[in-house]
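In: sequence first, then the predicted structure, then my questions.
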Amino acid sequence: MARLLIVYHSMTGGTRQMAEAAAEAAREADGAEVIVKVAPETGPDDLLAADGFLFATPENLAAIAGVMKAFFDHCYYPVLGKIEGRPYAALICAGSDGDNARKQLERIATGWRLRKVADTPIICTHAQTPEEILAEKMIGETDLAQCREIGAMLSVGLEMGVF
Ligand SMILES: Cc1cc2nc3c(=O)[nH]c(=O)nc-3n(C[C@H](O)[C@H](O)[C@H](O)COP(=O)(O)O)c2cc1C
């Protein structure tokens with residue numbers, strides 16, 4: 001059975017809801033085995049054991065979240081050259097932008113020579129004030145549907161070996 005690894009970080013819940021929606025759809029699709037892990041608990045062995053990946057991160061200070069960056073920093077060289085060609089997709093949760101986080105994450109994945117199999121959605125919470133930014137987030141159904149679609153596609157595609 002193929003294995004899909006979903007790695008995420010979330011401070012105020014938005015990215016967590018996105019990752020969980022993708023994971024739920026991936027499991028319901030009856031495709032690959034689905035493993036969900038938070039970034040600090042994910043290491044090189046988790047990447048090596050997976051056939052495909054979904055990375056989900058907030059944009060913080062015009063970059064991927066520091067916790068997510070630490071995960072990539074920790075794993076980058078131990079798996080370099082060992083996961084080439086494996087498919088991946090990404091999800092970005094942002095206040096109002098998200099583009100730098102998307103570019104940065106995709107650049108890291110390109111360094112690993114992963115194969116991007118879906119456009120990266122940027123889901124904006126439209127939080128503007130410090131109070132709104134620090135508040136727990138609630139991602140809407142339409143946005144979660146995009147995450148579900150990617151989760152299901154990855155899961156089925158991996159199990160069928162179409163990537
Ligand atoms: C320290 C900090 C920096 C942020 N910087 C950005 C930013 O550069 N661009 C942006 O669009 N949103 C930014 N945001 C907003 C977050 O991306 C947004 O609140 C998102 O929902 C966070 O995801 P989470 O709910 O999974 O933690 C920032 C939030 C924090 C706490």
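Out: Yes, it's here.

In: could you use CA atoms for every contact and neighbour count after this?
Out: Fine.

In: run through the strands of this protein in chain order.
Out: In the chain, the strands defined using DSSP state E lie at 3-8, 33-38, 52-60, 63-64, 87-94, 115-116, 122-124.

In: need those in TSV with mean pLDDT, distance to the ligand and mean neighbour count, can you?
Out: Formatted as TSV, these follow (pLDDT from 0 to 100; distance: least, Cα to the nearest ligand atom, whole Å; neighbours: other Cα atoms under 10 Å):
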stretch	mean pLDDT	distance to the ligand	mean neighbour count
strand 3-8	98	9	26
strand 33-38	98	12	18
strand 52-60	98	3	26
strand 63-64	98	6	22
strand 87-94	98	3	25
strand 115-116	98	22	18
strand 122-124	98	7	22
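
In: I'd like to know how many residues surround Gly111.
Out: 13 (other Cα atoms under 10 Å).

In: likewise for Glu131?
Out: If we define neighbours as other Cα under 10 Å, then Glu131 has 9 of them.

In: what parts of the protein come near the ligand?
Out: Within the chain, the positions lying close to the ligand (Cα under 6 Å from any ligand atom) are 10-16, 58-62, 93-98, 125, 133, 137.
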